[in-house]
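Trainee: Give me a 3D structure for the following:
(chains A and B)
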Amino acid sequence: GAGVSQSPSNKVTEKGKDVELRCDPISGHTALYWYRQSLGQGLEFLIYFQGNSAPDKSGLPSDRFSAERTGGSVSTLTIQRTQQEDSAVYLCASSLGPPGSTDTQYFGPGTRLTVL
Amino acid sequence: AQSVTQLGSHVSVSEGALVLLRCNYSSSVPPYLFWYVQYPNQGLQLLLKYTSAATLVKGINGFEAEFKKSETSFHLTKPSAHMSDAAEYFCAVGAYTGRRALTFGSGTRLQVQP
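Mentor: As a prediction, this is how the structure comes out:
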C-alpha cells in the first residue's frame, strides 16, 4: 500500500544529544537503505540492510552512527553525541531486494536534522 | 568503484524549450543507471531506469535518457519544458555485483522561466 515513511519529518537538537530517526519501508521489501543529503550535495550512502544478512555499514561516517532493523521491517538510525556537521536530511529507501537485481529504490520524504 | 558527475549544478530554460541535463558515470563493472527527481521538501521520485535493455529509456512526465557506453553518459532530455518540471534532478549509478547502494551525482537544479 503506502510508500516509505519516515519520522519525525523535522528534528532540532542540541549538540551532544542523541537522536533516533525511524524508517518504515514498503511492505514486502527486503532491502533497506539509509542515505544522508547535506545542503547542496548529492546523497551519501550510510548503511544497507538485506533480509537477515549482516548489514553493509561501509558508509557510516563515524562510530557515533548506528542503525538497526527489527524483524526485517522497521529501521532506526541512531546518532550519538550529535555534532553540527551532522545537520542534513536523512533519507531512507527500500527495494524488493534480492542481491544481483536492478530493483528500484523507493525513497521516503526524509528527516531534516538540525543540530544547534 | 563508481562515480557520477552531473555537469551544471543549475540549469535554466524557458518554458517550451528543450531540457538537457548531463550525467557522466564511471564504473568498473557493467552499470545500471537511474534518474530521480526531487521536489522541494519531498523525497526522491524515480524518473527512469536503465538496466542494459534498450539504450533509449523513456520515463515519466515526458523525460527520456540515452545510455551511451562509448561516452559513459546518461543524459536526461525532455523536448518541451513545463513550469512543473522545476525541481532538482539526480543521476545515480548502481552495480549488479558488489555494493548494493547507489552512487549519486551532486544534483542539477532545473529552473523553468515563463
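Trainee: Give the burial count for the nearest residue to A:G59 once chain neighbours are set aside, as a bare number.
Mentor: Nearest-residue entry for A:G59: A:F45, 4.0 Å, with adjacent residues in sequence omitted and distances by Cβ to Cβ, 6 or more residues apart in numbering or on different chains. Just so you know, the C-beta spots here come from the backbone N, C-alpha and C atoms, and that holds for glycine as well. Residues lying near A:F45 (other Cβ atoms under 10 Å in any protein chain shown) number 19.
Trainee: would you say A:F45 is within a strand?
Mentor: Yes - according to DSSP: H, G, I helix; E, B strand; the rest coil, A:F45 belongs to a strand.
Trainee: Next to chain A, which bits of chain B? Give me the list.
Mentor: B:4, B:6, B:9, B:32, B:34, B:36, B:41-46, B:49, B:51, B:90, B:92, B:94, B:96-97, B:99-107 (Cβ under 8 Å from any Cβ of the partner chain).
Trainee: Show the residue spans covered by the strands in chain A.
Mentor: A:5-7, A:10-13, A:19-24, A:31-37, A:43-50, A:65-69, A:75-79, A:88-95, A:106-107, A:111-115 (DSSP state E).
Trainee: could those strands be laid out in TSV, adding distance to B:S73 and mean pLDDT?
Mentor: Shown next, in TSV, are the strands of chain A (distance: least, Cβ to Cβ, whole Å; pLDDT from 0 to 100):
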stretch	distance to B:S73	mean pLDDT
strand A:5-7	33	96
strand A:10-13	37	97
strand A:19-24	33	97
strand A:31-37	24	94
strand A:43-50	20	92
strand A:65-69	34	96
strand A:75-79	34	98
strand A:88-95	25	95
strand A:106-107	24	92
strand A:111-115	33	96
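Trainee: can you put these in JSON lines and add distance to B:M83?
Mentor: Formatted as JSON lines, the strands of chain A follow (distance: least, Cβ to Cβ, whole Å):
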{"stretch": "strand A:5-7", "distance to B:M83": "28"}
{"stretch": "strand A:10-13", "distance to B:M83": "28"}
{"stretch": "strand A:19-24", "distance to B:M83": "32"}
{"stretch": "strand A:31-37", "distance to B:M83": "25"}
{"stretch": "strand A:43-50", "distance to B:M83": "26"}
{"stretch": "strand A:65-69", "distance to B:M83": "39"}
{"stretch": "strand A:75-79", "distance to B:M83": "36"}
{"stretch": "strand A:88-95", "distance to B:M83": "25"}
{"stretch": "strand A:106-107", "distance to B:M83": "24"}
{"stretch": "strand A:111-115", "distance to B:M83": "26"}
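Trainee: where does chain A come near chain B, residue by residue?
Mentor: Within chain A, the positions adjacent to chain B are A:4, A:31, A:33, A:35, A:40-45, A:48, A:50, A:56, A:58-59, A:91, A:93, A:99-100, A:102, A:104-110 by Cβ under 8 Å from any Cβ.
Trainee: For PyMOL, write a command that selects the buried ones of those residues.
Mentor: Buried members of those, identified by 16 or more other Cβ atoms under 10 Å in any protein chain shown, are gathered into one PyMOL selection as follows:
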select buried, chain A and resi 4+31+33+35+42+43+44+45+48+50+56+59+91+93+102+104+105+106+107+108+109+110
